[in-house]
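Chemist: Output the structure for:
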Amino acid sequence: LQQLINEERKAALARVFQDLGQKCTEILVSFYYHRLSLKEIADKLGDMSEDAVKVKSHRCKKQLADRIK
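Modeler: Modelled structure (predicted):
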């Protein structure tokens, strides 16, 4: 039963991430999963400054939290 609950949570989280959009998903995964710095993420994306990544990251985290609730 616990495994089924965990799988359902993962699927729900995947749907929420998909709804966030590619840029948000890439930023959040790069920061939290790959542990990249804001500068490294900005360099990876190429079209955003470090400050822009910081602001976008904050907005994406807020969107993610709102959608999970």
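
Chemist: and Gln2, how many neighbours does it have?
Modeler: 6 (other C-beta atoms under 10 Å). Where C-beta positions appear, they are placed from N, C-alpha and C, glycine not excepted.

Chemist: do the one 4 residues further on as well
Modeler: Taking other C-beta under 10 Å as the neighbour definition, Asn6 ends up with a count of 10.

Chemist: same question, Ile27
Modeler: Ile27: 26 neighbours (other C-beta under 10 Å).

Chemist: For Glu50, give me its contacts.
Modeler: By C-beta atoms under 8 Å, 6 or more residues apart in numbering, the residues touching Glu50 are Leu38, Lys39, Ala42.

Chemist: Just put these in CSV and tack on neighbour count and distance to Gln2.
Modeler: Shown next, in CSV, are those (neighbours: other C-beta atoms under 10 Å; distance: C-beta to C-beta, whole Å):
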residue, neighbour count, distance to Gln2
Leu38, 19, 36
Lys39, 12, 40
Ala42, 20, 39
